[in-house]
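coordinates only, sequence not included:
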Ligand SMILES: NC(=O)c1ccc[n+]([C@@H]2O[C@H](COP(=O)([O-])OP(=O)(O)OC[C@H]3O[C@@H](n4cnc5c(N)ncnc54)[C@H](O)[C@@H]3O)[C@@H](O)[C@H]2O)c1
């Protein structure tokens, strides 16, 4: 069964489709009789190596010419250098204003290719084919594109909505377990800030020997998450208000990713640790939330041991470069209760220190430790 969520924005709406094998159908329907002279693909190198045959067969079948740029995997590719290389590639292949750019990969590919689509020729049509769980439930939806700067994460970018998002769950067949758990972090975020039902939908992750790839509920779970995000984006596309709630845990997370040089800690791991910190800070500011609801997932994460040596003072300093900071205060998304997020502006160092202590100790105690 194919699922469809309409994502509404100021400029109109676009479909987010979820289903098995829908990538080929979509390309065929959209381009077999299209006037687009050439498709431009930006593809994560790993995804190309793993799914090359299917992608090539589909393109041959439609009989359309295409040019592809293979993006090196990993967060390091969300850089000025890679953005520039994609722009060079597009211009050298004489891209036109109506030429579609199709981003095939995880959040990294979507973010940097999306930013290239937003900026080349002042904007060309963009299509997201997310291939990680995280990208399906989160980064492909809502139009945030961008790259990192040495001063901090996602500091350069734009809001640029795609024309369609095609979440073909067949891509997930090759996704390593670690990346499923990275996606789980953003799913738990939706449970915490908006839809309590999602907590029980994620219980299967905790089963020993859980077979994520063949879980019958995965498409419905992805759809539920997209609905949460689409609902928030429809109300506040440009993050003037409630869209900030989607940053639950993220101010802490970005500080951790920066400290790890965008290498030793993945975005999903950092978000999970950051949500633990935000949850603890919520309780310190008067809420009464059962921390076990998130804590129990810590056993699934295998964080690099190196993060336990990060000085908390430095992590707090890193939080200062986050976009969400206003004036002297840190702007945190906390919870009054489950699904009741609010913005808490604070310069209380003890609160931050305590939140970091709890989060790092929890992942240290429960997580599977990797050696350096
Ligand atoms: N734009 C937004 O709204 C938004 C929201 C959340 C996160 N993000 C960003 O998303 C990024 C994280 O995304 P991510 O977790 O998808 O990371 P990613 O894109 O780096 O992908 C993770 C890993 O999975 C591999 N991979 C991708 N698809 C695969 C497949 N089908 N099979 C096997 N391997 C596959 C990639 O090569 C990579 O090694 C971060 O940069 C984060 O800031 C953006």
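Here it is on my side, so go on. Note that the structure is predicted; figures quoted are calculated from it, not measured.

what's the closest non-adjacent residue to the most centrally placed residue in the chain?
Closest to where the C-alpha atoms of the chain average out (Cα atoms, centre = their mean) is residue 139, at 3.7 Å. Closest residue in space to residue 139, ignoring its immediate chain neighbours: residue 107 at 3.6 Å, by Cβ to Cβ, 6 or more residues apart in numbering. Where you see a C-beta, it was placed from the backbone N, CA and C, and this is true even at glycine.

Pretty sure the one you found sits against residue 142.
No: the criterion here is Cβ atoms under 8 Å, and residue 107 misses it with residue 142 at 11.8 Å.

so how far is stretch 264-282 from its chain's centroid?
Centroid separation between stretch 264-282 and its chain, computed with Cα atoms, centre = their mean, to the nearest Å, is 14 Å.

touching the ligand at all, that stretch?
Yes: looking at stretch 264-282 against the ligand by Cβ under 6 Å from any ligand atom, the contacts come from 267, 268.

That stretch - what's its average pLDDT?
Averaging pLDDT along stretch 264-282 yields 96.

Please spell out which residues along it are buried.
By 16 or more other Cβ atoms under 10 Å, the buried positions in stretch 264-282 come out as 264-282.

which bits of the stretch 51-200 of the chain sit near the ligand?
73-75, 78, 105-109, 111, 131-132, 134-135, 138-139, 142, 144, 154, 171, 174-175, 179, 182.

Give me the subset of those that lies in helices.
Judged by DSSP state H, those include 107, 108, 109, 111, 134, 179, 182 as members of helices.

Between all of those residues, which two are separated the most?
Across these, the longest distance by Cβ to Cβ is 15.9 Å; it joins 111 and 179.

Comparing these two, which residue is more hemmed in?
When neighbours are counted by other Cβ atoms under 10 Å, residue 111 and residue 179 differ, and residue 111 comes out ahead with 26 against 20.

The more buried one contacts residue 144, correct?
Yes: counting by Cβ under 8 Å, residue 111 does reach residue 144; the two are 7.4 Å apart.

Common neighbours of the two, please.
Taking Cβ atoms under 8 Å, 6 or more residues apart in numbering as the contact rule, residue 111 and residue 144 both touch 154, 157.

in this protein, which spans are strands?
Taking DSSP state E to define them, one finds strands in the chain at 3-9, 12-19, 38-44, 65-71, 101-105, 126-130, 144-149, 152-159, 164-168, 330-337, 340-346.

what residues are up against residue 58?
23, 24, 27, 28.

Format those residues as CSV; extra columns: distance to the ligand and pLDDT.
Formatted as CSV, the contacts of residue 58 follow (distance: Cβ to the nearest ligand atom, whole Å; pLDDT from 0 to 100):
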residue, distance to the ligand, pLDDT
23, 11, 96
24, 15, 95
27, 17, 94
28, 21, 92
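
tell me the contacts of the residue in the stretch 201-350 of the chain that the ligand sits nearest to?
Proximity of the stretch 201-350 of the chain to the ligand (Cβ to the nearest ligand atom) peaks at residue 267, 3.9 Å away. Applying Cβ under 8 Å, 6+ apart, we find residue 267 in contact with 75, 107, 134, 182, 185, 253, 257.

what's the burial count for the residue nearest to residue 139?
Neighbours of residue 107 (other Cβ under 10 Å): 25.

Contact partners for it?
Taking Cβ under 8 Å, 6+ apart, one finds 130, 132, 134, 135, 138, 139, 140, 267 in contact with residue 107.

Give me the neighbour count for residue 357.
Counted with other Cβ under 10 Å, residue 357 comes out at 13.

Check residue 311 too.
Residues near residue 311, counting by other Cβ under 10 Å: 10.

What of residue 11?
9.

Also residue 49?
Residue 49, neighbours per other Cβ under 10 Å, totals 12.

Let the chain start at 41 from now.
That works, and once the first residue is 41, the last one we named lands at residue 89.

Show the low-confidence segments of the protein, by residue range.
75-76, 344, 362-368, 407-412 (pLDDT under 70).

Repeat the analysis, applying 50 as the threshold.
Applying pLDDT under 50 to the chain flags the ranges 411-412.

if we can go back for a sec, how about a markdown table for the strands of the chain, with distance to residue 278 and mean neighbour count added?
Shown next, in a markdown table, are the strands of the chain (distance: least, Cβ to Cβ, whole Å; neighbours: other Cβ atoms under 10 Å):
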| stretch | distance to residue 278 | mean neighbour count |
| --- | --- | --- |
| strand 43-49 | 10 | 17 |
| strand 52-59 | 15 | 18 |
| strand 78-84 | 25 | 22 |
| strand 105-111 | 27 | 18 |
| strand 141-145 | 21 | 28 |
| strand 166-170 | 17 | 27 |
| strand 184-189 | 10 | 22 |
| strand 192-199 | 6 | 18 |
| strand 204-208 | 19 | 25 |
| strand 370-377 | 16 | 21 |
| strand 380-386 | 16 | 16 |
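
in the stretch 191-340 of the chain, which spans are helices?
Applying DSSP state H, counting those that start in this stretch to the stretch 191-340 of the chain gives helices spanning 217-233, 237-241, 258-275, 290-299, 307-324, 332-335.

can you redo these as a markdown table with distance to residue 355?
What follows is these, written out as a markdown table (distance: least, Cβ to Cβ, whole Å):
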| stretch | distance to residue 355 |
| --- | --- |
| helix 217-233 | 18 |
| helix 237-241 | 27 |
| helix 258-275 | 27 |
| helix 290-299 | 5 |
| helix 307-324 | 9 |
| helix 332-335 | 19 |
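
Which of the ones you listed sits closest to residue 360?
Residue 360 lies closest, by Cβ to Cβ, to one member of the helices of the stretch 191-340 of the chain: helix 290-299, at 8.6 Å.

other SSEs contacting the closest one?
strand 192-199, helix 307-324, helix 352-359, strand 370-377, helix 389-406 (3 or more Cβ pairs under 8 Å, 6 or more residues apart in numbering; DSSP states H and E).
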